[in-house]
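Novice: quick one, fold the following:
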Amino acid sequence: MASSINRLVRKLREINHRYSKPHIEMTPMVKFSLMTLRIYLLLIVGLIVYKFVVTLSTGAVQ
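Specialist: This next block holds a predicted model:
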């Protein structure tokens, strides 16, 4: 069991190391678009978490 976990951790570290630096050039517009999408994703996840907490606190299921 421990060897399987160690193997998985090593594999994840290898993948993270391999893709730590992008291999393609990005224009400033592409970087801006990706940052905008990242912010949008965090906003959507935040709204989902907020809705979940509000639903749990009121006890109402819609």
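Novice: kindly list the longest helix within the protein.
Specialist: When every helix of the chain is counted residue by residue (DSSP state H), the longest turns out to be helix 28-58.
Novice: now that helix: buried residues?
Specialist: For helix 28-58, the neighbour count (16 or more other Cβ atoms under 10 Å) marks no residue as buried. From N, CA and C alone the C-beta is placed, and that goes for glycine too.
Novice: quick one: list the elements packing against that helix.
Specialist: Packed against helix 28-58, as judged by 3 or more Cβ pairs under 8 Å, 6 or more residues apart in numbering; DSSP states H and E, are no other helices or strands.
Novice: how far does it sit from the chain's center?
Specialist: From the chain centre to the centre of helix 28-58 is a distance of 11 Å (Cα atoms, centre = their mean, to the nearest Å).
Novice: now do that helix, average pLDDT.
Specialist: Averaged across helix 28-58, the pLDDT comes to 95.
Novice: then stretch 3-19?
Specialist: On average, stretch 3-19 scores 91.
Novice: ok, and what's touching that stretch?
Specialist: Applying Cβ atoms under 8 Å, 6 or more residues apart in numbering, stretch 3-19 has no contact partners.
Novice: could you do stretch 25-39 as well?
Specialist: Applying Cβ under 8 Å, 6+ apart, the set of residues contacting stretch 25-39 is empty.
Novice: how far off centre is that stretch?
Specialist: Averaging C-alpha positions (Cα atoms, centre = their mean) puts stretch 25-39 16 Å from its chain's average.
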